[in-house]
Each structure stands twice: as C-alpha cells, then as structure tokens.
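# My questions concern the predicted model and sequence given below.
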Amino acid sequence: MAAKGKATAEEVKNAFQGIATAQETLMKVFAEYNETVRKRIGVDREENTWKKHCYAYRHLSIFLREKYNTI
C-alpha cells in the first residue's frame, strides 16, 4: 500500500494469509548476500570468505539443476 497508495481486496487477503506478491528465490537471495560480502572485503570480511561463498553458490546451482531440473 505504501508503494501504490491503495490496496485491493485480494492484496489485503493475501497479506493476511501470508501470501507474498513477489517471492524471492533462494538463488537470488544467495547472490545478493554474496554481493554484500564482496563489498565488505577488507572491512570485516576476507576475500577467501567471498570465494567460499561463490563456490557454495555454484555447487547449490548445480545441485538444483541436477536434482530438481531448475535454473
């Protein structure tokens, strides 16, 4: 409602039932997290930490593609 200024009855129902209008995928959230880690290299993160997260991201992507035929 803050973005549009009004809400439809269906949007109110979905919000009440906990149904999200824009769902984020695991891979999208993981990629965003990796980007925040990359930006913090030298502040409170080391480059090796970021590389390990990227490695885990690639392996998760492969797993999802092979196991669930996604991505």
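Structure's in. What do you need?
# where along the chain do the helices fall?
Along the chain, the stretches classed as helices by DSSP state H are 9-17, 26-39, 47-68.
# Return the distance of the first one from the chain's centre.
Read it as helix 9-17. Centroid separation for helix 9-17 versus its chain: 23 Å, with C-alpha atoms, centre = their mean, to the nearest Å.
# Ok, the last one next?
Relative to its parent chain, helix 47-68 has a centroid offset of 14 Å by C-alpha atoms, centre = their mean.
# name the helices or strands packed onto it?
helix 26-39 (3 or more C-beta pairs under 8 Å, 6 or more residues apart in numbering; DSSP states H and E). From N, CA and C alone the C-beta is placed, and that goes for glycine too.
# can you check the first one too?
Contacts of helix 9-17 with other secondary structure elements, assessed using 3+ C-beta pairs under 8 Å, 6+ apart, are absent: no helix or strand is involved.
# if we can go back for a sec, with mean pLDDT and mean neighbour count added, can I get the helices of the chain in a markdown table?
Converted to a markdown table, the helices of the chain look like this (pLDDT from 0 to 100; neighbours: other C-beta atoms under 10 Å):
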| stretch | mean pLDDT | mean neighbour count |
| --- | --- | --- |
| helix 9-17 | 79 | 11 |
| helix 26-39 | 95 | 13 |
| helix 47-68 | 96 | 12 |
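# gap between the residue most central in space within the chain and residue 11?
By C-alpha atoms, centre = their mean, the mean C-alpha position of the chain lies nearest to residue 29, the distance being 1.3 Å. To residue 11, residue 29 is 23 Å away according to C-beta to C-beta, to the nearest Å.
# Much appreciated, bye for now.
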